[in-house]
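**Q** using only what follows, build the 3D model:
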Amino acid sequence: MLLMNDSPRDDTSLGARRAADRWMHERYQRTRDPRHRDELIERYMPLAHHLARRYQRGSDNFDDIAQVAAVGLINAVDRFDPGRGMAFASFAVPTISGEIKRYFRDRTWAIRPPRALQENSCASSARSSSSPMATAAPPPSKT
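**A** Now for the predicted structure:
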């Protein structure tokens, strides 16, 4: 059924694409050939970029988020089992999203402290890690 502003969908081409995707995943699963893996990654990279754009915040660097999404895509391609009968995108989206969320969790503050406190914390941790006295044992006491 066509709705306004919809283009007709060719169900045979959609079915052919799904069959080709399944065949590509099964081939990679059998051979573990890096060339087949690269084909799958290139085929689904637009999905990873779409998810990266969805998670991009105002000043966040898109390239960093896209790279994290690509790592999630690689993990999804390596872990996907075509024998389970599910579509790859159904498996890949939560995997990629989880990788992006983990990136934000590991690199952001859970509580937003005042900027001055946050900067002081970062500066003091940098000083303590670069200072040789910070790791040295205290001098022996004279008794």
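**Q** buried residues in the helix or strand where S13 lies?
**A** According to DSSP states H and E, S13 maps onto helix 11-31. Neighbour-count burial for helix 11-31 flags D21, M24, H25, Y28 (criterion: 16 or more other Cβ atoms under 10 Å). To be clear about C-beta, it is placed using only N, CA and C from the backbone, and glycine gets the same treatment.
**Q** where does the residue nearest the centre of the chain fall, phi/psi-wise?
**A** The residue lying closest to the centre of the chain (Cα atoms, centre = their mean) is A69, at 2.9 Å. For A69, the backbone dihedrals (degrees, to the nearest 10) come out as phi -60, psi -40.
**Q** right, and it touches R54 too?
**A** No - using Cβ atoms under 8 Å, A69 makes no contact with R54, being 9.6 Å away.
**Q** how about low-confidence regions in the protein?
**A** 1-12, 59, 110, 124-143 (pLDDT under 70).
**Q** and what about R112, helix, strand or coil?
**A** coil (DSSP: H, G, I helix; E, B strand; the rest coil).
**Q** can you give me the neighbour number for it?
**A** R112: 8 surrounding residues under other Cβ atoms under 10 Å.
**Q** list the buried residues in stretch 97-106.
**A** In terms of neighbour count (16+ other Cβ under 10 Å), stretch 97-106 has its buried residues at E99, I100, Y103.
**Q** show me the contacts for the first one.
**A** Okay, so that is E99. For E99, the contacting residues are V68, A69, V71, G72, N75, by Cβ atoms under 8 Å, 6 or more residues apart in numbering.
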